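Asker: sequence and predicted structure below; questions after.
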Amino acid sequence: MSRTPKVAGVATLVVLGLTLAGCSTPAATAENTPEASAAAALEPATITVYTSEPQEKIDAIVAAFNETQPDVTVEVFRAGTGDLTARIEAERTTGDVQADILLAADSATFEGYKADDLLLAYTPADVESLNQDVVDPDGFYVGTRIIPTVIAYNTGVIDTPPTSWADLTDPAYAGQITMPNPDVSGAAAYNAAVWLDNADLGDEWLVDLAKNKPVIADSNGPVSQAVAAGTQPVGVVVDYLVRELKAAGSPIDVAYPTEGVPYVSQPVGIFASTDEEAASEAFVDYLVSAAGQELAVEQSYLPVRNDVGTPDGAPAMDDIEILTPDLDVIADTKAAAVARFNELFQ
């Protein structure tokens, strides 16, 4: 936000460049298209983004956005979702949130912020091209990628991999499983609520899983690394990390559990307290545009639109059984679910 003082520790990323090919068309032929509108050059502005995106990935996003909007300075504060939500809560209790945009977490988190009137209503350009499951029907946020949580396994250690959540309760996996901490990972917190809400899993499954004494890592990154190294050869982790490690040559692969997989859509929303609406809206537009989603695919994410392909090695969304809980229920139960998880696993 263009307010002072700025958030400490924020890195300013400004990359000047030419307009991305395909993101705009000559004004004489496409003057009123959504792409042309979204790519129209803005006056100088500064926006602050709170995000849980890995640093290299958010750096690439900002650089690509600045190719179409060179006069918009994007300041980034990156942290785990748990730290971000704690920061937002602290800021809102003492005044306005010191950011323009949140790019993190899950739809249930954004539902809570919507209910608290923290978000600005905005419908991105070309919204009809998106998977409507990730679009808030009230227009306060939109998903930017599909990130399922799956079972990863080390192919050099595990001969017969688990293919279901139920398989993870087998005593044969005692001491071999690792999972992310829901106090740090927004996806892990969301998953805890989804599992507890699922009739085929629920508290009984969590209790049985806890008997195998999974190692709780700080976040998804250390989980995937432990599986690739064979320290804990089975992990519960977001799928894109497995694809990246496998592509780099690690002995790791993925199973999409037969009961279905929870997923987060890494929503983006604009805080109602922003004083840079136009620049914030342009950033949202870029994230879900064809160009922004092509970049998401390059970064190993499943996209939220079907005209940009999918990452190498990724299944089609139609081939994945997706768990789609009631978001109101998940929002209402997530804190209790995390507390229950911590009681059992930590």
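Answerer: Received it, and whenever you're ready, just let me know what you need. Residues are numbered from 1 along each chain as shown.

Asker: tell me, how many residues neighbour the residue nearest to V127 when sequence neighbours are not counted?
Answerer: In space, and not counting its chain neighbours, V127 is closest to V135: 6.1 Å by CB to CB, 6 or more residues apart in numbering. Glycine gets a C-beta too; all of them are placed from N, C-alpha and C. When counting by other CB atoms under 10 Å, one arrives at 21 neighbours for V135.

Asker: next one: F341
Answerer: With other CB under 10 Å as criterion, F341 counts 24.

Asker: wouldn't it be in contact with P182 here?
Answerer: Yes - taking contacts as CB atoms under 8 Å, F341 lies within contact range of P182: 5.4 Å.

Asker: please parse the chain into its domains.
Answerer: Following automatic domain parsing, one finds the domains of the chain at 11-145+265-314, 148-263+318-345.

Asker: quick revisit: contacting residues for the residue nearest to V127?
Answerer: V135 makes contact with V127, V142, G143, according to CB atoms under 8 Å, 6 or more residues apart in numbering.

Asker: what's the pLDDT at it?
Answerer: With respect to pLDDT, V135 scores 97.

Asker: same question, K213
Answerer: 98.

Asker: surely it is within a helix?
Answerer: No - the assignment for K213, made by DSSP: H, G, I helix; E, B strand; the rest coil, is coil rather than a helix.

Asker: can you offset everything so residue one is 7?
Answerer: I'll keep to 7 as the first residue from here, and by that count the last item is K219.

Asker: which other residues reach stretch 172-187?
Answerer: So stretch 172-187 is contacted by 157, 168, 193-194, 211, 214-215, 217-226, 228-229, 232-233, 237-243, 265, 351-352 (CB under 8 Å, 6+ apart).

Asker: please produce a PyMOL select command covering the buried subset of those residues.
Answerer: Command for PyMOL, covering only those of the contacts of stretch 172-187 found buried under the criterion 16 or more other CB atoms under 10 Å:
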select buried, resi 157+168+193+194+211+215+218+220+221+222+223+225+226+228+229+232+233+238+239+240+241+242+243+265+351
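
Asker: mind listing which of the contacts of stretch 172-187 are in strands?
Answerer: I157, V221, I222, A223, V240, G241, V242, V243 (DSSP state E).

Asker: just give me the neighbour total for D123.
Answerer: 9.

Asker: my reading is that it lies in a helix. Confirm?
Answerer: No - counting by three-state DSSP, D123 is located in no helix; its state is coil.

Asker: relative to A51, how far out is it?
Answerer: 24 Å (CB to CB, to the nearest Å).

Asker: over to E59?
Answerer: 21 Å.

Asker: equivalent analysis for V156, please.
Answerer: Distance from V156 to A51, by CB to CB: 39 Å.
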